[in-house]
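Novice: can you look at this prediction? I've put the sequence above it.
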Amino acid sequence: MEIDLSVNIGKLKLCNPIVLASGTVGYGEEVANFLDLSKIGAIITKSISLKPRRGNSPQRIVETSSGMLNAIGLANVGLDEFVKTKIPILEKLNSNVICNIAASSIEEYVECTKALNEFEIIKAFEINVSCPNVKEGGLIFGNDLTAVGKITSEIRVATNKTIIIKLSPNNSNIAEFAKVVKQEGGDAVSAINTLIGTAFDIYTKKPILKNITGGLSGPAIKPVALAKVLEISRSVDIPIIGLGGIMNWKDVVEFMIVGASAVQIGTVNFINPFAAYEIIDGLIKYCKNNSIINISQLTGTYQI
Amino acid sequence: MEIDLSVNIGKLKLCNPIVLASGTVGYGEEVANFLDLSKIGAIITKSISLKPRRGNSPQRIVETSSGMLNAIGLANVGLDEFVKTKIPILEKLNSNVICNIAASSIEEYVECTKALNEFEIIKAFEINVSCPNVKEGGLIFGNDLTAVGKITSEIRVATNKTIIIKLSPNNSNIAEFAKVVKQEGGDAVSAINTLIGTAFDIYTKKPILKNITGGLSGPAIKPVALAKVLEISRSVDIPIIGLGGIMNWKDVVEFMIVGASAVQIGTVNFINPFAAYEIIDGLIKYCKNNSIINISQLTGTYQI
Amino acid sequence: MNKIIIENSIIESNDKLTESIYLLKVHSPIIASKIKPGQFCNVKVSDTDYPLLRRPFSICDVENHLIVFLYQVVGVGTEILAQKMEGEVLSILGPLGNGFNFDDDFETAIIIGGGIGVAPFPFLIRNITNKKIVSYIGFRNKNEIVDYGLTNCKYATDDGSFGLKGTCIDLFKSENTILNSKTKIFACGPNPMLKSLIEYCSDKNLNCEVSLESAMACGFGICQGCVVESKEDDEYKLVCKDGPVFKFNEIKL
Amino acid sequence: MNKIIIENSIIESNDKLTESIYLLKVHSPIIASKIKPGQFCNVKVSDTDYPLLRRPFSICDVENHLIVFLYQVVGVGTEILAQKMEGEVLSILGPLGNGFNFDDDFETAIIIGGGIGVAPFPFLIRNITNKKIVSYIGFRNKNEIVDYGLTNCKYATDDGSFGLKGTCIDLFKSENTILNSKTKIFACGPNPMLKSLIEYCSDKNLNCEVSLESAMACGFGICQGCVVESKEDDEYKLVCKDGPVFKFNEIKL
Ligand SMILES: Cc1cc2nc3c(=O)[nH]c(=O)nc-3n(C[C@H](O)[C@H](O)[C@H](O)COP(=O)(O)OP(=O)(O)OC[C@H]3O[C@@H](n4cnc5c(N)ncnc54)[C@H](O)[C@@H]3O)c2cc1C
Ligand SMILES: Cc1cc2nc3c(=O)[nH]c(=O)nc-3n(C[C@H](O)[C@H](O)[C@H](O)COP(=O)(O)OP(=O)(O)OC[C@H]3O[C@@H](n4cnc5c(N)ncnc54)[C@H](O)[C@@H]3O)c2cc1C
Ligand SMILES: Cc1cc2nc3c(=O)[nH]c(=O)nc-3n(C[C@H](O)[C@H](O)[C@H](O)COP(=O)(O)O)c2cc1C
Ligand SMILES: Cc1cc2nc3c(=O)[nH]c(=O)nc-3n(C[C@H](O)[C@H](O)[C@H](O)COP(=O)(O)O)c2cc1C
Ligand code: FES
Ligand code: FES
């Protein structure tokens, strides 16, 4: 039996549902040294902002029980440098590239999208309205329905490519956000970005992260991420890219069952840079054993 | 050096800051078999509702990475039975008792509080507006500022005892909730209740919990809980009882540093029913080593 | 309730009996002196936060200061347990639950165990004196058979590779055992198996006790996680505290 | 970047050298054949989600197919590692980072190691040929001294229980070593120690390379977690990818 792992997200066709999450794959360059990116559904760039961002002062990383907090602070080379040096590299990687954009104003989101729209290598935009680690931008939008609506509609005008809005889990009504995205012409949502968390040193009494708080990722958050994806899929008809704590193919199946059309893997790439391969192998076996010919059949098959 | 572990929450005096969380200590009876409750700051009863609740159908528990989901569904004997059979037992336990109340309407909260107010053994009320596991009540209130304000003010009329509102982490503005509680005469807040999560069986495609979703507790959520406590303590001047994922005395110190006046321990009681003792011993040593005479000095000593 | 304790117990041995079943012996003098057949312990298989919860295992036997568990590797916790070696320490919480009642007036004890459901019976058998005992046990196949500590065994396998082809219930029904008011049945195994047994016992009016499993958080009655429906009323019973051993007509599966 | 690989490596030995320091040898033929002095590996100390992240350890030495690590128990991950026994398997990711430059034109190599900071030097020393080597190493006290694989050692202890009372930097400064353009310093240890060394080397215009530590998530340049300030510009450098070995005047501590 030949298993078809391909899935569609809006106009975007992925050879399999495994996407490498923003912030965990750089600009593709480093991972291309050890992964054949053509074998992976897509990669999502580190968030790009209009101006380069140095990012937060260290310490930027701390481990927690089955999770980690990061406060990278959207460190990135900025739009111009990205266009000048990173896009030419991306063009050589033979990968499906989704460009993640972060900004501190609606105008900035639009400006970035417009500037990047012409590059054929960029197949879709993931709009980060949910980064917990920067003062301006990020979550100010992510937890504001009107702002998310406005961002979506204005970006819709700026591009015909697939628009994916990356949603924040740090609110009580994620499905409302997905509804607004759909209404305003977004093609899909990613759920979830990290949860806000912190950790303190009990001797110095200082936060371990210089930024005070960080974003919680990894298996600790998987149950929350699954509940958010389920919440969206039960009330809005929009493609969902599920993520949050995926470690293996079983987790991927779980996300697809609750409604994800594709998934992203983030933190696991740090622990096992070959996780994408292992997951794809596992999915093929699962499909074979369960007589699933097209993996897209799995999406939203929850029995409630 | 004699260490003073006592802390105050409103009018309520605790001999130490360790409180056994609602839903993890029953009505005190069982744990009194192996713990001397007079040695523990306080115990909080399983949520009491006006009518008895059978709770959700099993399966009610599932383990996740460094956490667990529960969907008990506020199973409890109901107000009348509680008064008749549980209060007489509580009266013999020599424990500081905080009574947790859950309800599906403001009137019901008030009715329960009034009925229980006369019992001297009940030293304070913890109002559960944040249970994710029941259809009516619970989170409908917990994520609604107006409702939480109304519940607080009406309960304030019904009792002079210490009122603690147990806040939901499933929203983006927990500090606003704490503000409202303070404004409307509440004495303290507990933060946090469980995060909403789920888990699915990848073969049957059914949710593992009959209730579909459950509340995530345990060390997985500690970073989120700490961030919520910090958020409240940085913007509202109200006593906070911190909880979420505490496993040992170090975690307790971390919660106090970010602003908690006392803490609750929940899930850890299932794994180590003697955790409260070990934590108290650890706190004494920490205080000694760090020349802290009154543990209450620790509260909110974060260096940011 | 029992006065529960935690013993940090040194492993005496942890032997592989079949592809997936292990026999674990640990030094737990206090629990060993108090625990009764049908009770269980809650074992922390890792010192870390993962897996977080303890894992419940029936007491399989007691040998002086040693308590014995018979367990099957089914998931992450039991996999970790299987890797433990002599000399390592496990935190054991017990004794938990109510055991079998074997003091009442019966002449023949019928033991029915499905798969790893045989685990609680060696200790029960050792404690039943001066009575006839017959054990009906069933496994997936020949290689998975474990009759450690059992007496007078009859076998069934799902694939017929040893003994009767069928379940231990099929086996029990097929043998013309004399069943009367002086017979008492003790059973443990998967829920579907126990369910069919309970129906059979209701029909034939037999005396039967079953030991149940359930997902558990605490194991000692405070989390309300382990409920099973009561037959008598609309309430739930707690497997950990009211059970794990129930009279067949107390509960609804 | 190096082509990184993961080897599931069988433990050859894991020996306790002092109260807190262990020497670990594992079979990693591929990494052993590629790794260079000053590089490091990222080790998964548990198969579970806890601890979640790998732990970075410098390559201490290579013996044919074996790679050697010298590590100190400081927290949950290293505690688990210390319990591992011969025959168990560890997942090792490497080789990571850039190593020491020891091909350039110098006559005397000065090794400075503070505490577990001695770890990367045995392999470096083995690879430096035909040059004079002096090692200045400092520890908290006599019992914590580890000079495994080092050459020509001078000692310091914080409490003066062995060698000079003071740090390895005090020791280095106190000895009248001939320091000139033909001297190259290789140092590793706690940040405050390296900081004072860097100042000294700037003052005296000495050639020096330091190996840094940092909290890391990935270890191979994709998470941006491990930054250190660059001296040259306003940017950050990645300890894992641009380092862990830096020229003393590249970075600001
Ligand atoms: C009172 C009691 C006594 C028990 N006695 C024994 C015994 O003597 N020997 C033995 O091998 N097993 C016994 N069990 C079952 C044993 O507790 C589980 O097999 C074990 O907890 C699984 O842990 P795990 O981490 O390996 O599996 P997990 O990874 O947690 O789960 C693997 C699979 O087992 C299922 N499972 C998990 N926990 C339970 C549970 N408590 N009951 C039933 N299924 C579960 C899961 O749904 C999953 O399908 C007993 C259970 C109870 C409640
Ligand atoms: C490139 C590199 C090479 C290293 N080489 C060695 C080596 O050869 N031998 C050796 O013993 N150690 C080495 N370390 C340090 C080692 O990685 C840490 O000691 C280890 O990760 C601690 O893990 P843990 O789980 O035991 O401690 P944790 O419980 O994670 O932490 C315990 C304490 O160690 C601190 N810590 C945690 N991670 C690091 C880190 N990456 N760097 C510095 N402090 C940390 C924490 O802040 C905490 O105070 C190296 C670190 C790096 C970055
Ligand atoms: C170190 C790190 C950096 C991240 N950077 C970004 C980023 O730049 N933009 C973004 O949208 N998400 C970023 N994320 C969030 C991830 O894309 C993902 O949403 C999150 O980690 C949850 O998935 P996981 O549990 O699989 O890691 C980052 C996460 C980590 C751990
Ligand atoms: C099994 C279980 C039952 C609970 N029942 C209640 C309850 O009845 N009322 C309530 O306010 N909180 C209840 N909680 C929430 C806990 O009181 C606590 O807020 C939560 O578990 C987080 O703390 P922890 O991580 O220390 O467990 C329950 C938690 C668990 C695990
Ligand atoms: S397992 Fe907690 S009450 Fe039974
Ligand atoms: S540790 Fe990830 S970039 Fe250096």
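Specialist: Received, thanks. Ligands and ions are numbered 1, 2, ... in the order given.
Novice: not counting sequence-adjacent ones, nearest residue to A:Glu111?
Specialist: Closest residue to A:Glu111 apart from its sequence neighbours, by CB to CB, 6 or more residues apart in numbering or on different chains: A:Leu50 at 6.0 Å. From N, CA and C alone the C-beta is placed, and that goes for glycine too.
Novice: tell me which helix or strand the one you found sits in.
Specialist: Using DSSP states H and E, A:Leu50 sits within no helix or strand.
Novice: in stretch C:204-211, which residues are buried?
Specialist: Within stretch C:204-211, the residues that qualify as buried are C:Leu206, C:Asn207, C:Cys208, C:Glu209, C:Val210, C:Ser211, counting by 16 or more other CB atoms under 10 Å in any protein chain shown.
Novice: would you agree the first one is in contact with C:Ala187?
Specialist: No - with contacts defined as CB atoms under 8 Å, C:Leu206 does not count as touching C:Ala187, sitting 10.8 Å away.
Novice: ok, the helix or strand that C:Lys25 is a member of near ligand 1 or not?
Specialist: Following DSSP H and E, one finds C:Lys25 within strand C:21-27. No - Strand C:21-27 does not reach ligand 1 (CB under 6 Å from any ligand atom); its nearest approach is 7.5 Å.
Novice: please name the strands paired to that strand in the sheet, noting orientation.
Specialist: Sheet pairing of strand C:21-27 (DSSP bridges) gives strand C:5-16 (antiparallel), strand C:66-72 (antiparallel).
Novice: what's the pLDDT at residue 121?
Specialist: Picked chain A for this. As predicted, A:Ile121 sits at a pLDDT of 96.
Novice: switch to chain C, that's the one I care about
Specialist: For C:Phe121, the model assigns a pLDDT of 97.
Novice: that one contacts C:Ile111, correct?
Specialist: Yes - at 5.1 Å, C:Phe121 counts as touching C:Ile111 under the criterion of CB under 8 Å.
Novice: please enumerate the shared neighbours of these two.
Specialist: Common contacts of C:Phe121 and C:Ile111 (CB atoms under 8 Å, 6 or more residues apart in numbering or on different chains): C:Ser135, C:Leu150, C:Phe186.
Novice: that older thread, now the residue nearest to A:Glu111: how far from A:Ala158?
Specialist: In this view, A:Leu50 and A:Ala158 are 14 Å apart by CB to CB, to the nearest Å.
Novice: cool, and A:Ala102?
Specialist: With distances taken as CB to CB, A:Ala102 is found 16 Å from A:Ala158.
Novice: same check, this time on C:Lys204
Specialist: Going from C:Lys204 to A:Ala158 by CB to CB gives 77 Å.
Novice: give me the below-cutoff pLDDT ranges for chain A.
Specialist: For chain A, applying pLDDT under 70 flags the ranges A:132-139.
Novice: give me every residue that touches the closest residue to chain A within chain C.
Specialist: Here the residue of chain C nearest chain A is C:Asp49; by CB to the nearest CB that distance is 4.4 Å. Shown in contact with C:Asp49 (CB under 8 Å, 6+ apart): A:Ser65, A:Ser66, B:Ser66, B:Gly218, B:Pro219, B:Ala220, B:Met247, D:Tyr50.
Novice: quick one: the last one and A:Thr64 touch, right?
Specialist: Looking back up the chat, that one is D:Tyr50. No - using CB under 8 Å, D:Tyr50 is not in contact with A:Thr64, being 9.7 Å away.
Novice: show me which of the two is the more surrounded one.
Specialist: A:Thr64 (29 against 26; other CB atoms under 10 Å in any protein chain shown).
Novice: got the contact list for the more buried one?
Specialist: Here A:Thr64 is in contact with A:Gly197, A:Ala199, A:Leu216, A:Gly218, A:Ala220, B:Pro219, B:Ala220, B:Lys222, B:Pro223 (CB under 8 Å, 6+ apart).
Novice: please name every helix or strand in contact with whatever helix or strand the last one lives in.
Specialist: Take DSSP H and E as the rule and B:Pro223 turns out to sit in helix B:222-235. Taking 3 or more CB pairs under 8 Å, 6 or more residues apart in numbering or on different chains; DSSP states H and E as contact, the helices and strands that helix B:222-235 lies on are strand A:195-198, strand A:213-217, helix B:174-183, strand B:188-191, strand B:240-242, helix B:249-257.
Novice: take these and lay them out in JSON lines including distance to ligand 5 and mean neighbour count.
Specialist: Formatted as JSON lines, the helices and strands packed on helix B:222-235 follow (distance: least, CB to the nearest ligand atom, whole Å; neighbours: other CB atoms under 10 Å in any protein chain shown):
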{"stretch": "strand A:195-198", "distance to ligand 5": "27", "mean neighbour count": "28"}
{"stretch": "strand A:213-217", "distance to ligand 5": "28", "mean neighbour count": "28"}
{"stretch": "helix B:174-183", "distance to ligand 5": "29", "mean neighbour count": "21"}
{"stretch": "strand B:188-191", "distance to ligand 5": "22", "mean neighbour count": "30"}
{"stretch": "strand B:240-242", "distance to ligand 5": "23", "mean neighbour count": "29"}
{"stretch": "helix B:249-257", "distance to ligand 5": "22", "mean neighbour count": "25"}
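Novice: okay, these in CSV with distance to A:Arg60 next?
Specialist: Compiled in CSV, these are given as follows (distance: least, CB to CB, whole Å):
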stretch, distance to A:Arg60
strand A:195-198, 13
strand A:213-217, 8
helix B:174-183, 25
strand B:188-191, 26
strand B:240-242, 25
helix B:249-257, 19
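Novice: so what's the residue count around C:Phe139?
Specialist: C:Phe139 is flanked by 28 other residues according to other CB under 10 Å.
Novice: what pLDDT does it get?
Specialist: Here the pLDDT value assigned to C:Phe139 is 95.
Novice: so what touches the helix holding B:Pro223?
Specialist: Residues contacting helix B:222-235 (CB under 8 Å, 6+ apart): A:64-65, A:67, A:69, A:195-200, A:212-214, A:216, B:167, B:169, B:174-175, B:178-179, B:189, B:191-192, B:195, B:238, B:240, B:242-246, B:251, B:254-255, B:258-260, B:300, B:302.
Novice: one more time with 7 Å, if that's ok
Specialist: Applying CB atoms under 7 Å, 6 or more residues apart in numbering or on different chains, the external contacts of helix B:222-235 come out as A:64-65, A:67, A:69, A:195-200, A:213, A:216, B:169, B:174-175, B:178, B:189, B:191-192, B:195, B:240, B:242-245, B:251, B:254-255, B:258-260, B:300, B:302.
Novice: residue in chain A nearest to ligand 1?
Specialist: Nearest residue of chain A to ligand 1 (CB to the nearest ligand atom) works out as A:Lys250 at 11.3 Å.
Novice: could you pull out the helices for the chain?
Specialist: Using chain A here. Counting by DSSP state H, one finds helices in chain A at the ranges A:29-32, A:79-81, A:87-92, A:106-117, A:139-142, A:145-158, A:174-183, A:222-235, A:249-257, A:268-271, A:275-289.
Novice: hm, I was asking about chain C
Specialist: Counting by DSSP H, the helices of chain C are C:29-34, C:76-82, C:121-127, C:168-174, C:191-204.
Novice: just name the most buried of these.
Specialist: Neighbour counts (mean count of other CB atoms under 10 Å in any protein chain shown) averaged over each of those peak at helix C:121-127, with a mean of 23.
Novice: enumerate the residues of the stretch 101-250 of chain A near ligand 3.
Specialist: Residues of the stretch 101-250 of chain A that fall close to ligand 3, judged by CB under 6 Å from any ligand atom: A:Asn128, A:Cys131, A:Lys166, A:Asn193, A:Thr194, A:Ser217, A:Gly218, A:Ile221, A:Leu243, A:Gly244, A:Gly245, A:Ile246.
Novice: quick check on the residue in the stretch 101-250 of chain C that chain D sits nearest to: phi, psi?
Specialist: Closest contact between the stretch 101-250 of chain C and chain D, by CB to the nearest CB, is at C:Ala217 (18.2 Å). Per-residue torsions, C:Ala217: phi -100, psi -50 (degrees, to the nearest 10).
Novice: that one touches C:Gly225, doesn't it?
Specialist: Yes - using CB atoms under 7 Å, C:Ala217 makes contact with C:Gly225 at a distance of 4.5 Å.
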